[in-house]
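> Generate coordinates for the sequence data below:
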Amino acid sequence: MHHFELVIWVCVSDKFIIEEIIRSIIQVASKEKSKFTNIEALRKELTEVLGNKRYLLVLDDVWKEDRQKWDDMISLVCSHAGSGSAIIVTSRSNQVASITGTLPPHHISLLDEDQSWELFHRNTFGRGVEKQEELILVAKNIVNKCKGLPLAIKTIAALLHSKHHSQWFSVLDSDVWKDDILTTTGIVPALQLSYDHLSSEEKICFSLCAIFPKDSLMDKDMLIHLWMANEFIASETRGQQIFDVLVWRCFLQDLNIQKTLLSSFDEFIHRPTTCKMHDLMHDLADLVSGNDCSIVQIDQILLQRCRYASPLELEARHLSLDIDGPLEILAPRPRTILVQMKSGLSHRSRAKSKFFSLRALRTFQTMTHMTNLKHLRYLDCSYSDVSSLPEATSMLYSLQTLKLIGCNNLNKLPEGMRYMSSLRHIFLVGCRCLERMPKSIGQLNSLQTLTNYVIGSDGGRGIDQLKDLNLGGALSLTELRRVHSAENAKQSNMSGKHNLKRLSLDWAHGTSYGTHVGYEVHTDAEGILKALCPAKRLEVLVLSNYTGAKFSSWMHNSTLLEHLSELSLTGCKNCKDLPPLWQLPSLEYLSLKGLHSLASICVGNDDIDNGESFISPPPFFPKLETMIVANMPKLQRWHQEEAGQVAVVLFPRLKKLNISVCPMLASMPKMLPLLEDLLVIDARHIPLYHLMGLFVQFNLECKANISVEPRVGWLPIGDFHLLRLGDSYMRLRLKGLMDNVGRFEEELYRMPCRFIKDLDITDCGCLFSPEPSQIQQNIWNHFGFVESMRITACNNIVQWPVVEIRNLNLLRLLHLSFCSNLTGSLPSTISDDENVIPPQLQHLEIEFCLSLVEVPKLPASLEKLSIDFCPKLGSMPTILGNVKNLRDLRLSDCNALTTFSDGMYGVTALRTLVMEWCPMIETLPEGLLQQLPALEELHIRDCPNLEEDLLSRGADWNLVEAIPNRSVGRSMP
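Modelled structure (predicted):
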């Protein structure tokens, strides 16, 4: 895997929606959700995310047998793939394999007898079951009945592990192994047998899982709340036990407990535990649920037909609706309705519903008829446009769970919520416009979860309302500036909330760095913070916009915070010193932002008495893996040691370090042996060679990134990336270098430039000029080991950069993009037939160069040429025939291109020719097949004159008829 810069795994399943696949790729690659739904916008974002990196893309569980859709999708994904990228497709369809494959498919066989026994043995005897000769014989017979299917073996192993030895014989002799009904339905007998041994509660809870579409993520808490809403179970504790059993017995799999702190505060508070169901288990759930569960999927085409028909009638009691628009649905006795958000559309699904027996409802429409839903126990309006809930909501006296996650427009809740005595969980994550809480919410004695509480200044909305609430999970308190006194804060009883795992304390309302308009300095902020001392089990703490000058004493107590794994301090502008965070034994994530008065991360070490008690003092931050330091204008050092103190090790397990806007910071930690990812933005006093030196000294086995972007000051650098592939391999990215090339040259002399094999230059006009200066030439001489180079948005380039790249003799890939003034012409001192491109170049890619009119003589080593969106390019290079190794030629969005050159003779190795959006091309070169005997693929799209001739089998048809893999327009002639 170290060969690839990106590894992307996307589950496709039976829905092959190109926009959704691209969105998933972007999300996995960038770790951020795309905000776009339009294919063109997604295409541009994908270009930025992939950026010609070498990637491995796994498209898992593909079912769609549609060649055209596959070609459309793969052209998007492959257009900016770095050399050595690969795509793996998994499918159970041979037709899919034939459509997508470029190599013979690899068929994964079932486990053989030895492999089956090894898997079973590991999941039973490996978990403490005593081995007995008689048991082993029985077990081997049971394993043989699983016929080499891994899921069946793991499921039956989990079942037997929980059974007494005497019951193993009954499993072996069960009639399920020879049940004809199971054979006709395709249900694996081992799975049915394991289901039969579930308790009645466990069975009915499992059957409800059939309401979720295949391959979808299931939220553990949502499952438990749905089970409670339908009265399958009585408590969350019992729900957790059943969930654990279903996971243990392999009915649910791919358990993912989100732990790492993400960039979004909402994700910080809301961390769902998710799981999936194997397709075979989903089939079993469908079978055992009978007609109780139904998934209804209606796209726009089918919706148009249904809209003029009678209302859709459904018999199922539990419904999942994936409907692309409004539709009236009638169901006589529904208990659960989950309206799915329609993926990839700008609006959300809605359903006109008239149901009176509902126990659970998820919807995206504004609720108006609440009084009819008196049995409702679960209501989820998350990610809807609702600005307020109707007051009638407070009459849902049976409601247990209210979810309003991501309702950005919600500004108030019903005032009568204090009467909803059954409420146990209120999720308000992402409700940024929420102005106040309902009065007297402290009367909700059953409340266990309240993710957000906006403190009010009037009666019944203060912090004292939390006193008697036994809250657990996550709690975010905002507007702490409205708390009157420390005594008032103490009434919240935070120290008594032992089930609270994640706590956020914000003196404003989620505003970064204390820049909120009307931001007040509270005279007793320190006393209030002291009064909000949490219980001992806290795992995550966020403190924002704190106006005190000192942190509270309880933050110095490493015993109280011994379970704290993540800490974020933001906008605490007046604090000059940090508590001894370096002593926290479990801290893995630390974010420090906007601490404007802080000069040092660590100050002294009172626990070390000049080395007398310790030969080797304990390291600081012993478990810290991720650290973010941002907007710290006075930060100068990592550790301020007192005279005579023993030097200590800092950050022995740090893997990721982000530093931004720390202009006074002048050094890096001395030893970071596990560092993988470093980002530095506007830390202009840190010498550049210090940053690169960090990576040269370590034998990194995985990708490491360094990024440096100047905002103010002289530092003339952009981004750095280091990738170890056995030998040292470094990627250097330069961004925004406009002047001060002399200082940059000095830095290069101190850098290990021999390791720079990949060079990425963006918006660095000072590196190029028609007559490069001696300093510019010296800079380029440092890059003699570069093998791959990308030049982007350098508008100073007018002529071909001959002097700059002529000494890059090892260059194999050159990518030019968004250089709007590049014409491609050569300086007057150089003749047209002179070799100006490095002799080892294999890939040349030019895109969005709007002034390009010509391309210089190409080297014989070139294997791939791609030109995209160069509207002034009128003809191909006349010397194309000399490029005897050219295998791949792609032309796109070249509006002025009228014809190929006559010099196509000699391009005998060309295998792939692609022309898209070239409307002026009317004919193909005469004698195409004779000139291109190796041509295997020809794809022509949006070239209307040429397409018309070929699709009508006109004069050029004989030129393409014998090409094995061809497409013209949207057809496959």
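
> Show me what Val7 bridges to in the sheet.
Assessed by DSSP bridges, Val7 has beta-bridge partners Leu56.

> residues near it, how many?
By the criterion of other Cβ atoms under 10 Å, Val7 has 15 neighbours. For glycine as for every other residue, the C-beta is placed from the backbone atoms N, C-alpha and C.

> Would you check how far apart it and Ile87 are?
The gap separating Val7 from Ile87 is 12 Å, by Cβ to Cβ, to the nearest Å.

> Could you tell me which residues touch both of the two?
56, 58 (Cβ atoms under 8 Å, 6 or more residues apart in numbering).

> any weak-confidence spans in the stretch 751-900 of the chain?
751-752, 877-881, 900 (pLDDT under 70).

> how about the helices in it?
With DSSP state H, counting those that start in this stretch as the criterion, the stretch 751-900 of the chain has helices at 774-781, 802-805.

> Now the shortest one: buried residues?
Just to be clear, that refers to helix 802-805. Within helix 802-805, the residues that qualify as buried are 802-805, counting by 16 or more other Cβ atoms under 10 Å.

> Over to the first one?
By neighbour count on 16+ other Cβ under 10 Å, the buried set for helix 774-781 is 776, 779-780.

> any chance of those residues in JSON lines, with distance to His484 too?
Shown next, in JSON lines, are the buried residues of helix 774-781 (distance: Cβ to Cβ, whole Å):
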{"residue": "Gln776", "distance to His484": "65"}
{"residue": "Ile779", "distance to His484": "62"}
{"residue": "Trp780", "distance to His484": "66"}
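
> For the spatially closest residue to Glu936 that is not a sequence neighbour, give me its contacts.
Spatial nearest neighbour of Glu936, excluding adjacent residues (Cβ to Cβ, 6 or more residues apart in numbering): Arg911 at 4.8 Å. Arg911 makes contact with 887-888, 934-937, according to Cβ under 8 Å, 6+ apart.

> again, only this time at 6 Å
Applying Cβ atoms under 6 Å, 6 or more residues apart in numbering, we find Arg911 in contact with 887, 934, 936.

> burial of the first one, as a residue count?
Which is Arg887. 17.

> So it sits against Leu865, correct?
No - Arg887 lies out of contact with Leu865 (Cβ atoms under 6 Å); the separation is 9.6 Å.

> Quick one, which of the helices of the stretch 751-900 of the chain gets closest to Ile295.
For the helices of the stretch 751-900 of the chain, proximity to Ile295 was assessed by Cβ to Cβ; helix 802-805 is nearest, at 57.3 Å.

> ok, residues contacting the closest one?
So helix 802-805 is in contact with 772, 780, 836, going by Cβ under 6 Å, 6+ apart.

> Out of those residues, the closest to Gly416 would be?
Trp780 (72.8 Å).

> Spit out the contact partners of the closest one.
Trp780 sits next to Glu804 when contact means Cβ under 6 Å, 6+ apart.

> Could you rerun that using 8 Å?
767, 772, 803-805, 807-808.

> for those residues, which one is nearest Asn141?
Set against Asn141, the nearest of these by Cβ to Cβ is Leu808 (67.3 Å).

> what's around the residue nearest to the closest one when sequence neighbours are not counted, how many residues?
Nearest residue to Leu808, sequence neighbours excluded (Cβ to Cβ, 6+ apart): Pro838, at 5.0 Å. By other Cβ under 10 Å, 19 other residues sit near Pro838.

> Let me know the distance separating Pro838 from Ile830.
15 Å.

> for Lys145, same thing?
77 Å.

> same check, this time on Ala234
Relative to Ile830, and taking Cβ to Cβ, Ala234 is found at 84 Å.

> More neighbours: which of these two?
More neighbours surround Ile830 than the other of Ala234 and Ile830, with 17 against 11 (other Cβ under 10 Å).

> these two touch, right, that one and Val836?
Yes - under the criterion of Cβ atoms under 8 Å, Ile830 makes contact with Val836 at 6.3 Å.

> how about the nearest residue to Glu922, chain neighbours excluded?
Closest residue in space to Glu922, ignoring its immediate chain neighbours: Asn945 at 4.3 Å, by Cβ to Cβ, 6+ apart.

> Give me the three-state assignment for that neighbour.
Secondary structure state of Asn945, per DSSP: H, G, I helix; E, B strand; the rest coil, is helix.

> Number of residues surrounding it?
The burial count for Asn945: 13, using other Cβ under 10 Å.

> now the strands for the stretch 451-600 of the chain?
452-454, 473-478, 500-506, 540-544, 566-570, 589-593, 600-603 (DSSP state E, counting those that start in this stretch).

> ok so, going back, to Leu172, which of the helices of the stretch 751-900 of the chain lies closest?
The nearest among the helices of the stretch 751-900 of the chain, by Cβ to Cβ, is helix 802-805 at 72.6 Å.

> Can you add distance to Ala599 and give the helices of the stretch 751-900 of the chain back as a markdown table?
Converted to a markdown table, those look like this (distance: least, Cβ to Cβ, whole Å):
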| stretch | distance to Ala599 |
| --- | --- |
| helix 774-781 | 36 |
| helix 802-805 | 43 |
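
> Do you have the helices of the stretch 1-150 of the chain handy? List them.
Residue ranges of the helices in the stretch 1-150 of the chain, as given by DSSP H, counting those that start in this stretch, are 18-30, 39-50, 67-78, 94-100, 113-123, 133-145, 150-161.

> Ile463 is nearest to which of these?
Closest among the helices of the stretch 1-150 of the chain, using Cβ to Cβ: helix 18-30, at 37.6 Å.

> what does that closest one rub up against?
6, 8-12, 32-34, 36-37, 39, 42-43, 45-46, 49-50, 55, 57, 59, 69, 72-73, 76-77, 343-344.

> Of the residues you listed, keep whichever come out buried.
6, 8, 10-12, 34, 36, 42, 45-46, 49-50, 55, 57, 59, 73, 76-77, 344.

> ranges for the strands of the stretch 601-750 of the chain?
Here the stretch 601-750 of the chain has its strands, by DSSP E, counting those that start in this stretch, at 626-630, 637-640, 656-660, 677-681, 703-709, 719-723, 730-735.
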